[in-house]
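Visitor: got a sequence here, can you model it:
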Amino acid sequence: VDLKDEQTTVVLNASGPREGLRPELDHFLDYLSENVVADPLSTRLEVEVESARSSAVWRTEYMTFKMKLDEAFQSGHDEGVEEGIEKGIEKGIEIGENRGIEKGIARVILQLLSAGMTPEEIAERTDYTIEEIDKIKEEAEAQACSVDRC
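Guide: Predicted coordinates:
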């Protein structure tokens with residue numbers, strides 16, 4: 001796997017197929033997946049693991065490392081949540097502004113229609129098509145009907 005970090009990364013799947021593996025690697029994967037000690041390498045690994053587990057210094061270092069990882073995770077999580085909230089607020093404001101603009105335009109078009117202008121005349125003087133103007137009129141009438149129970 002090339003992670004573009006100038007490192008060589010090897011990914012081992014201890015539960016994957018093992019055909020064609022050297023016995024040493026097969027034993028290593030057994031040790032990782034099932035804690036089976038079967039050869040000199042896994043024996044040495046087991047001795048080192050037990051030594052680390054019984055070491056108060058190692059446990060302290062591990063717990064310190066784990067706490068730092070947890071803090072970094074929480075910090076990243078908090079930053080992500082904060083960024084998400086900010087983006088959500090920005091998007092909400094944008095949507096609200098757009099809806100406000102649309103309602104304002106619709107109100108002006110309805111006022112022009114009430115003043116006697118035809119949809120064709122309004123279309124000639126605005127960027128709106130006759131179909132869009134008719135739709136605004138129909139939506140206003142439907143809304144008025146739902147309020148008045150037509």
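
Visitor: for residue 134, list the residues it contacts.
Guide: Counting by Cβ atoms under 8 Å, 6 or more residues apart in numbering, residue 134 touches residue 119. Placement of C-beta: from N, CA and C, glycine included.

Visitor: switch the cut-off to 10 Å
Guide: 113, 119, 123, 128 (Cβ atoms under 10 Å, 6 or more residues apart in numbering).

Visitor: quick one, phi psi at the first one?
Guide: So that's residue 113. Backbone torsions of residue 113, given as degrees, to the nearest 10, read phi -60, psi -40.

Visitor: and it, how many neighbours?
Guide: Residue 113 is flanked by 18 other residues according to other Cβ atoms under 10 Å.

Visitor: would you mark the buried spots in the one helix or strand in the chain whose mean pLDDT sits lowest?
Guide: Ranked by mean pLDDT, DSSP states H and E, the weakest helix or strand in the chain is helix 130-148, scoring a mean of 87. Using 16 or more other Cβ atoms under 10 Å as the test for burial, helix 130-148 gives 132-133, 136.

Visitor: using PDB, write down the CA coordinates of it.
Guide: Output of helix 130-148 as PDB, limited to C-alpha atoms (Å, rounded to 0.1, in the frame of the first residue of the first chain):
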ATOM      1  CA  ILE A 130     -44.800  33.900 -18.000                       C
ATOM      2  CA  GLU A 131     -44.800  30.300 -16.700                       C
ATOM      3  CA  GLU A 132     -42.900  31.300 -13.600                       C
ATOM      4  CA  ILE A 133     -45.200  34.200 -13.000                       C
ATOM      5  CA  ASP A 134     -48.300  32.000 -13.500                       C
ATOM      6  CA  LYS A 135     -46.800  29.500 -11.000                       C
ATOM      7  CA  ILE A 136     -46.300  32.300  -8.400                       C
ATOM      8  CA  LYS A 137     -49.900  33.400  -8.900                       C
ATOM      9  CA  GLU A 138     -51.200  29.800  -8.600                       C
ATOM     10  CA  GLU A 139     -49.200  29.100  -5.500                       C
ATOM     11  CA  ALA A 140     -50.500  32.300  -3.900                       C
ATOM     12  CA  GLU A 141     -54.100  31.400  -4.800                       C
ATOM     13  CA  ALA A 142     -53.700  27.900  -3.400                       C
ATOM     14  CA  GLN A 143     -52.200  29.300  -0.200                       C
ATOM     15  CA  ALA A 144     -55.100  31.800   0.100                       C
ATOM     16  CA  CYS A 145     -57.500  28.900  -0.500                       C
ATOM     17  CA  SER A 146     -56.000  26.800   2.200                       C
ATOM     18  CA  VAL A 147     -56.200  29.600   4.700                       C
ATOM     19  CA  ASP A 148     -59.800  30.600   3.600                       C
END
